[in-house]
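Peer 1: One predicted model, sequence on top.
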Amino acid sequence: MALFLGLGSGGIVLLVCSLAFDGVLEGLFDGWLSLPVIAGFVAMLGFTGAIVLGTTGLGPGAAAALGGATGAGAGWSAYRLGRALARDQGAAAPRRTELVGSAGYVVTPVPAAGYGEVLLRLGGQPVKCAATADGPLPLGAEVWVTAVPSSTSVTVRAVNHQLTDHRSAPLRAGSGDAS
């Protein structure tokens, strides 16, 4: 049993070393024989063997066989997980040019010939930018971004909300709308 516990503990130490010294042995152990795969195999071989020996009446040969089978499964899982993580592509970082067409609010009034500030959302995060407009914009005005002249400023225009109540408009003959 001490041999199996030693193998399990050695596998854990090997895993910690592979995480601590990641990249030091790059190229020496790649693919199927990467350090996490070897560590997973050795740790599962040892701990499963110790559990089988301690809880069943089976001998060391059966404990080693069952430990080897579970170790192979752990090694295969570590290999597949490592491949999946290596292929993972993160999303591209949002760029300021993606602000064109987005809506925001004036947080510092925009004068007719100068800069104010607007609060926009870029990639789901709030972004405060310097803003210019064709005319003055009051605090709290809703705006749309029309251009991004620099990485810290935008050109905006006011959003006109003209709401009409179509329910109260009289129907014209021949319009096709029937109640």
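Peer 2: Happy to help now that I have it.
Peer 1: any idea where the helices of the chain begin and end?
Peer 2: In the chain, the segments counted as helices under DSSP state H are 2-20, 35-55, 60-87.
Peer 1: now the angle from the shortest one to helix 60-87?
Peer 2: Computed by axes from the mean of the first three to the mean of the last three CA atoms, to 10 degrees, the angle separating helix 2-20 from helix 60-87 equals 10 degrees.
Peer 1: Just give me how far helix 2-20 sits from the chain centre.
Peer 2: Relative to the centre of its chain, helix 2-20 is centred 31 Å away, using CA atoms, centre = their mean, to the nearest Å.
Peer 1: Output the lowest mean pLDDT helix or strand found in this protein.
Peer 2: helix 2-20 (a mean of 87; mean pLDDT, DSSP states H and E).
Peer 1: From Gln125, how far off is the residue lying closest to Tyr79 once chain neighbours are set aside?
Peer 2: The shortest distance from Tyr79 to any residue other than its chain neighbours is 5.0 Å, reached at Val37 (CB to CB, 6 or more residues apart in numbering). In this view, the C-beta of every residue, glycine as well, is placed from N, C-alpha and C. Summarising the geometry, the distance separating Val37 from Gln125, computed by CB to CB, to the nearest Å, is 38 Å.
Peer 1: okay, these two: which has more neighbours?
Peer 2: Counting neighbours by other CB atoms under 10 Å for Val37 and for Gln125 shows that Val37 has the greater number, 23 against 8.
Peer 1: What is the burial count for Tyr105?
Peer 2: Neighbourhood size, Tyr105 [other CB under 10 Å]: 15.
Peer 1: ok, it - contacts?
Peer 2: Contact analysis of Tyr105 by CB atoms under 8 Å, 6 or more residues apart in numbering lists 118-119, 140-143.
Peer 1: And for Ala74?
Peer 2: Taking CB under 8 Å, 6+ apart, one finds 40-41, 43-44 in contact with Ala74.
Peer 1: Go again with 6 Å.
Peer 2: Listed by CB atoms under 6 Å, 6 or more residues apart in numbering, the contact set of Ala74 reads 40, 44.
Peer 1: what do you get for Ala43?
Peer 2: For Ala43, the contacting residues are 8, 11-12, taking CB under 6 Å, 6+ apart as the criterion.
Peer 1: follow-up on the earlier one: how big is the angle separating the least confident helix or strand of the chain from helix 35-55?
Peer 2: Relative orientation of helix 2-20 and helix 35-55, computed by the same axes, to 10 degrees: 160 degrees.
Peer 1: which residues touch helix 2-20?
Peer 2: Helix 2-20 is touched from outside by 35-36, 39, 42-43, 45-47, 49-50, with contacts defined as CB under 6 Å, 6+ apart.
Peer 1: can you tell me how far the closest residue to Ser34 other than its chain neighbours sits from Ser150?
Peer 2: Once its chain neighbours are removed from consideration, Ser34 has its nearest residue in Gly82; the separation is 6.2 Å (CB to CB, 6+ apart). Using CB to CB, we find Gly82 at a distance of 43 Å from Ser150.
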